[in-house]
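J.: Turn this into a model:
(2 chains)
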Protein chains: 2
Amino acid sequence: MTYLKDGAEIYRQSFAIIEAETDLARVPAGLRAAAIRMVHASGQPDLVEDLAWSDGFADAAASALRAGAPILCDSKMVASGVIRSRLPRDNQVVCMLGDPRLDALAAELGTTKTAAAVELWCPLLPGAVVAIGNAPTALFHLLELVADEPALAPAAVLGIPVGFVGAAESKHALATNKLGLEYLIVHGRRGGSAVTVAALNALCGPDGRTG
Amino acid sequence: MTYLKDGAEIYRQSFAIIEAETDLARVPAGLRAAAIRMVHASGQPDLVEDLAWSDGFADAAASALRAGAPILCDSKMVASGVIRSRLPRDNQVVCMLGDPRLDALAAELGTTKTAAAVELWCPLLPGAVVAIGNAPTALFHLLELVADEPALAPAAVLGIPVGFVGAAESKHALATNKLGLEYLIVHGRRGGSAVTVAALNALCGPDGRTG
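T.: Next comes the predicted model:
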């Protein structure tokens, strides 16, 4: 069977195809590596058409990561996808799913366990980098938390949940937030853990902003 | 902020939208839950148009899982996404990335570390369920291994790598294999760890074939 086996060459050819097929003109320099990695993780150049961000997002995320900010993830898949060797300060990677307090907390708050897990981020939340790649309710709950208590604001939010109920709405809510939250989103139904962590790894890594 | 917080109702509405928007007519009953979960994980009903499978795949995968077959994953994200509570026999979930032998083995084989990791599956491979959601080279290497040594054949292969170099080709090679391998693929560039593990969880779980 004949196929390419050289990892470096596979990456080189992949990124050449992505750059040829993807319109990156409107993507600022600080987000270009993230956009390319998101296309790579989804196999879809047109994902970039739905990408939106706040002007300060790339600098805020990169600065926070360089300063050692924790990375707060809404799913185990996002947390497991973070490439540890790229982390500029061996940053803490946190996912609270599986915490024994969650069932009771979700019942008390009248929401999903994934949203309740966001509540457990609170001690780490100020100045953190948030990566939500799964649950719209987690993103909605984050917005509620920060609206109630502005001191909890994270430095930057990758808000890229996927799906059919609440995903587009929660991302729109983040992109129109009046809380000063710096954000990166993919409008619409697309998103997910692979795309989210691809962006995060690019923001961390040698070909990202902090490299 | 007004949004749906009831997890069960979110699932119900999500699956109602998916069933309304997705053409599942050609998907056999044993794969329908997997197809729906893959659409759910990608946010894309048209993913089903690229779905392909061997006639025996659903039964082979479900039987193997029920019999306690190990699940061999090409990435940590796939392995971390397996919902353990759905596993019918507390099946072993294996990802060999991170194994200290990989660097030397990849150099010896002249391939990627992800493909070399497939080599380390060998003792577990006969009758296993394979879930490849990331690396085309892993899928190609699996096909080479089984061609050389038919006794290594797994019971079923979810071959759903994503990307621009080798992904479509490796999935086409699996779908046209003359080795008798039962398969589930997504033709083209789309795929990835989230979609792959969504299918796997459906095949394991209470609303899947084994439930």
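J.: Stretch A:179-194 spans what distance, first to last residue?
T.: 27 Å (C-alpha to C-alpha, to the nearest Å).
J.: ok now that stretch, how far from the chain's centre?
T.: 7 Å (C-alpha atoms, centre = their mean, to the nearest Å).
J.: near chain B, anything from that stretch?
T.: Yes. Interface with chain B: stretch A:179-194 contributes A:188, A:189, A:190, A:191, A:192, A:193, A:194 (C-beta under 8 Å from any C-beta of the partner chain). The way it works is simple: take the backbone N, C-alpha and C, and place the C-beta from them, glycine included.
J.: where's the closest residue to the third one other than its chain neighbours relative to residue B:64, distance?
T.: This means residue A:190. Of all residues not flanking residue A:190 in the chain, residue B:43 sits nearest, at 4.7 Å (C-beta to C-beta, 6 or more residues apart in numbering or on different chains). Residue B:43 sits 29 Å away from residue B:64, going by C-beta to C-beta, to the nearest Å.
J.: buried stuff in stretch A:123-143?
T.: A:124-125, A:127-143 (16 or more other C-beta atoms under 10 Å in any protein chain shown).
J.: just those residues that are near chain B?
T.: A:136, A:137, A:140, A:143.
J.: Show me what the helix or strand residue A:20 falls within is packed against.
T.: Element membership for residue A:20, per DSSP states H and E: helix A:7-21. Of the remaining helices and strands, those touching helix A:7-21 by 3 or more C-beta pairs under 8 Å, 6 or more residues apart in numbering or on different chains; DSSP states H and E are helix A:29-42.
J.: right, is the helix or strand following the helix it packs on up against chain B?
T.: Sequence order places strand A:51-53 as the next helix or strand after helix A:29-42, per DSSP H and E. No. Strand A:51-53 does not reach chain B (C-beta under 8 Å from any C-beta); its nearest approach is 14.6 Å.
J.: Would you check that residue A:59 makes contact with residue A:31?
T.: No. Using C-beta atoms under 8 Å as the test, residue A:59 is too far from residue A:31 to be in contact (10.1 Å).
J.: out of the ones next to chain B among the buried residues of stretch A:123-143, who's nearest residue B:198?
T.: Relative to residue B:198, the closest of those is residue A:136; by C-beta to C-beta it sits at 16.7 Å.
J.: can you pull out the helices in chain A?
T.: Applying DSSP state H to chain A gives helices spanning A:7-21, A:29-42, A:57-66, A:76-81, A:102-109, A:113-119, A:136-148, A:167-175, A:193-204.
J.: Can you add mean pLDDT and distance to residue B:92 and give these back as TSV?
T.: What follows is the helices of chain A, written out as TSV (pLDDT from 0 to 100; distance: least, C-beta to C-beta, whole Å):
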stretch	mean pLDDT	distance to residue B:92
helix A:7-21	96	27
helix A:29-42	97	27
helix A:57-66	97	35
helix A:76-81	96	17
helix A:102-109	96	26
helix A:113-119	96	26
helix A:136-148	97	30
helix A:167-175	98	33
helix A:193-204	97	23
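J.: can you put the ones you listed in JSON lines and add distance to residue A:156?
T.: Converted to JSON lines, the helices of chain A look like this (distance: least, C-beta to C-beta, whole Å):
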{"stretch": "helix A:7-21", "distance to residue A:156": "24"}
{"stretch": "helix A:29-42", "distance to residue A:156": "11"}
{"stretch": "helix A:57-66", "distance to residue A:156": "4"}
{"stretch": "helix A:76-81", "distance to residue A:156": "15"}
{"stretch": "helix A:102-109", "distance to residue A:156": "25"}
{"stretch": "helix A:113-119", "distance to residue A:156": "16"}
{"stretch": "helix A:136-148", "distance to residue A:156": "12"}
{"stretch": "helix A:167-175", "distance to residue A:156": "11"}
{"stretch": "helix A:193-204", "distance to residue A:156": "8"}
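J.: which of the ones you listed sits most buried?
T.: helix A:193-204 (a mean of 28; mean count of other C-beta atoms under 10 Å in any protein chain shown).
J.: name the helices or strands packed onto it?
T.: Right, helix A:193-204 is packed against helix A:29-42, helix A:57-66, helix A:76-81, strand A:129-132, strand A:156-159, helix B:76-81, helix B:193-204 by 3+ C-beta pairs under 8 Å, 6+ apart.
J.: show me the contacts for the closest residue to residue A:155 other than its chain neighbours.
T.: Closest residue to residue A:155 apart from its sequence neighbours, by C-beta to C-beta, 6+ apart: residue A:64 at 3.6 Å. Going by C-beta atoms under 8 Å, 6 or more residues apart in numbering or on different chains, residue A:64 touches A:127, A:128, A:129, A:155, A:156.
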